[in-house]
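Novice: Give me coordinates for this.
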Amino acid sequence: MTARIDHLVTSGTFSLDGGTWDVDNNVWIVGDDTEAVVIDAAHDAEAILAALGGRTLRAIVCTHGHNDHIDAAPALADATGAPVLLHADDLELWKQTHPDRAPDGELTDGQRLSVAGTELRVVHTPGHAPGAVCLYAPELATVFTGDTLFQGGPGATGRSYSHFPTIIDSIRDRLLTLPPETAVRTGHGDPTTIGAEAPHLEEWIGRGH
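Specialist: Below you'll find the predicted structure:
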C-alpha cells in the first residue's frame with residue numbers, strides 16, 4: 001500500500017517574546033494503514049491519537065521549536081512510545097515550552113526518514129527559527145514546510161530567533177529548486193505549490209526591506 005497523507009487542524013495558542021496569539025495549526029500524518037509519522041504535534045495529543053487510529057507511530061517530527069508546533073509532542077510520545085525529533089539549533093526554543101523534557105533525537109540536513117515505504121528527506125531551512133526544517137517526500141510530490149513557506153510568502157521573521165535574509169536564502173536555495181508541481185503543505189493555512197510561489201520571490205525580498 002502506498003503511503004498517504006492525512007491532515008487535521010488543531011487549535012491553541014502561540015507564545016513568544018511576551019505575547020500570546022490564538023492559532024490554528026496543520027498536523028500532517030504520513031503513512032499507511034499500519035504505521036505513520038506525525039509532522040508537528042500541535043495542541044491536541046488526543047485528536048492526533050484518534051487520527052492515527054491505532055497505527056504504529058514511528059516518529060514525531062518537529063519542523064521547528066515554536067510552542068504551537070511542539071506543545072503536544074511529549075504527551076503524544078508518552079502515549080505511543082514514538083521518539084520526538086528536532087533539529088539541534090532549536091533546542092533553546094524547545095526548552096521554553098518543555099524545560100524538563102528533551103527531544104529524543106536530532107534532525108539533520110540530508111537525513112532520510114522512512115515510513116510505509118516512503119522517504120522523507122530532511123531539509124534544513126533556517127530563518128523562521130534557527131533549526132527550522134522542511135520534509136520533502138519526492139514519491140508523494142510533496143514538501144512539508146512548517147512555517148518556512150506559506151501560500152503567498154515566507155514565514156514570519158519579526159520575533160526572536162528569526163531572520164528575514166536567512167529565510168529568503170532557505171526558500172530560494174532549498175525549496176524553490178524543487179519540481180514546480182511539488183505540493184507545499186504548510187504549518188498553518190492552505191496548501192500551495194512550488195510553481196505557484198516561485199515567481200514571487202523578488203516581491204517578497206522587496207517587502208522585507
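Novice: dump the residue contacts of D22.
Specialist: Neighbouring residues of D22 by Cβ atoms under 8 Å, 6 or more residues apart in numbering: S11, G12, T13. In this view, the C-beta of every residue, glycine as well, is placed from N, C-alpha and C.
Novice: Is it bridged to anything, and to what?
Specialist: T13 (DSSP bridges).
Novice: For the protein, which segments are assigned as strands?
Specialist: 4-16, 19-31, 35-39, 56-61, 84-87, 105-107, 112-115, 118-124, 133-137, 142-146, 149-150, 153-154, 183-186, 192-193 (DSSP state E).
Novice: deepest of those, which one?
Specialist: Neighbour counts (mean count of other Cβ atoms under 10 Å) averaged over each of those peak at strand 142-146, with a mean of 27.
Novice: now the angle from that one to strand 4-16?
Specialist: Here the directions of strand 142-146 and strand 4-16 differ by 10 degrees (axes from the mean of the first three to the mean of the last three Cα atoms, to 10 degrees).
Novice: Just want the angle from strand 142-146 to strand 118-124.
Specialist: With the same axes, to 10 degrees as the basis, strand 142-146 and strand 118-124 are set at 40 degrees to each other.
Novice: Show me what strand 142-146 is packed up against.
Specialist: With contacts defined as 3 or more Cβ pairs under 8 Å, 6 or more residues apart in numbering; DSSP states H and E, strand 142-146 has these neighbours: strand 133-137, strand 183-186.
Novice: Could you spell out the sheet neighbours of the shortest one, each with its direction?
Specialist: Sheet partners assigned to strand 183-186 using DSSP bridges are listed as strand 142-146 (parallel), strand 192-193 (antiparallel).
Novice: follow-up on the earlier one: turn the helices and strands packed on strand 142-146 into JSON lines, columns for distance to L93.
Specialist: Putting these into JSON lines (distance: least, Cβ to Cβ, whole Å) gives the following:
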{"stretch": "strand 133-137", "distance to L93": "13"}
{"stretch": "strand 183-186", "distance to L93": "19"}
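Novice: Alright, calling it a day.
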